Structure formats: C-alpha cells, structure tokens
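> need the 3D shape of this:
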Amino acid sequence: MTDKEFINRLANGKSDIIQTFLDILSKTGSRYCIIGGLAVNAYVEPLVSLDMDIVVAVENVGAICKAAKERGLKVEEFEHSVNITSPKSDLRIQLQGDLRYQTFISIAQESNVLGYKMKVAKVEDVLQGKVWAYMDETRRKSKRQKDLADIFRIVEKFPKLKSLLPQTLQEELDK
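Numbering: from 1, shown residues only. This next block holds a predicted model:
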C-alpha cells in the first residue's frame, strides 16, 4: 500500500481530496505552503491526522474557493480561516487566515509528504506556527496538547531549534 493509499483509506476517501486540492492550487497559480501537523510530518516521524492546514497567499483565496466549489467541494468561510471538505473524504483542509503565516510562503520548500509533492513551510516556521497555536489560550486544551507534542517532536529531532522557543516552553521541555 502506498502512502497516498494509506491516507485516503484512513480518511474514508472515495476520492483523493489532497490531490484534488493540489490540482486546484496549481490551476489557480496559487502560492502556498503546508503548516500544522502535516508539515510536522515532513520533518519527523509521521503521525496520522485528518487535517491539512495550509496558508495561501491572501490574493489567491478567492480563486481557490471558487475552484473548490466548482470541483464539488464544500467551502465554509470563518473569521480567521476557510474550511474545505468533501462528502467523499473525512480529511479537512483549513486555509489559515492569520496574516503572520504569510511570510512562510516565500521560503517554503517542496517536499514529499505522504506520497504528495507539496510546498512545506521551513521547519523553523512550522515550529513557530506550533508555538503560536500552543500559546493561544482560546484553543481547546486537547488541541494545545497536540501542538505541544508536535513542538517536542520537532525539538527532539532538531535540538538546535530549542533556542527559538520562549523560555516557558524551554523549561517545559526540560521537565
């Protein structure tokens, strides 16, 4: 079984929503990069997630949403994100609206993630995004704990990155 088959089977995929979405990004000429747990998987031993967190250039969001709807995907717009789903897959795509992530796009690198070639934020940027998510006390505690675990996973593989963490997180790692 290939990585693509694995993730699609796990997501109950009757269609390959990741490839569909990557095709939309290509068709619209959109600048983007993967962030979040899927991006963490590009750098450390993968863990399964049914979320694909992505930042796209602000000027591309409208074209992406339009193309997604044309492909039969459901598009839900929220204050700080856009969620894209398919009735043929349990995988959820979330376009991050936080403008802090926009700088990640220009220095993202193409990588193979679960059998897909996609642009992934640099490991330092992925770590920064995880720190922002963990420090956001409005997020559910369970989500913040996953963010903390991802921070630990990154720093275990790339110990030099520990110095980029706020002091409180460095102390948490030392416990």
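> where in this structure is pLDDT low?
Filtered on pLDDT under 70, the chain yields the residue ranges 4-11, 13.
> helices of the chain, residue ranges please.
For the chain, helices defined by DSSP state H occupy the ranges 3-10, 17-27, 36-43, 61-70, 102-105, 123-135, 141-157, 167-174.
> hmm, who's touching the fifth one?
Okay, so that is helix 102-105. Defining contact as C-beta atoms under 8 Å, 6 or more residues apart in numbering, one finds that helix 102-105 is touched by 31-33, 35, 55-58, 119, 121-122, 125, 129. Using the backbone N, CA and C atoms, a C-beta is placed for each residue, glycine as well.
> 6 Å - rerun?
For helix 102-105, contacts defined as C-beta atoms under 6 Å, 6 or more residues apart in numbering pick out 31, 33, 55, 57, 121, 125.
> repeat for stretch 87-98
11-15, 17, 21, 50-56, 80-85.
> would you mark the buried spots in it?
For stretch 87-98, burial by neighbour count (16 or more other C-beta atoms under 10 Å) applies to 88-89, 91-97.
> likewise stretch 155-166?
Under 16+ other C-beta under 10 Å, the buried positions of stretch 155-166 are 155, 161-162, 165.
> Throw those into CSV and include distance to Ala133, thanks.
Formatted as CSV, those follow (distance: C-beta to C-beta, whole Å):
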residue, distance to Ala133
Val155, 15
Leu161, 16
Lys162, 18
Leu165, 13
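> returning to that earlier point: between the helices of the chain, which one is nearest to Val113?
With C-beta to C-beta as the criterion, Val113 lies closest to helix 36-43 of the helices of the chain, at 4.8 Å.
> so what's Glu110 up against?
Contacts for Glu110 (C-beta under 6 Å, 6+ apart) come out as 117, 119.
> please report how far the residue nearest to the spatial centre of the chain lies from Ser89.
Nearest to the mean C-alpha position of the chain, by C-alpha atoms, centre = their mean, lies Asp53 at 2.7 Å. Separation of Asp53 from Ser89 (C-beta to C-beta, to the nearest Å): 16 Å.
> can you check Lys157 too?
Distance from Lys157 to Ser89, by C-beta to C-beta: 29 Å.
> quick one: the lengthiest strand in the chain to helix 123-135, angle?
Criterion DSSP state E: the longest strand present in the chain is strand 89-96. Counting by axes from the mean of the first three to the mean of the last three C-alpha atoms, to 10 degrees, strand 89-96 lies at 90 degrees to helix 123-135.
> from the chain's centroid, how far away is strand 89-96?
On the basis of C-alpha atoms, centre = their mean, to the nearest Å, strand 89-96 sits 9 Å off its chain's mean C-alpha point.
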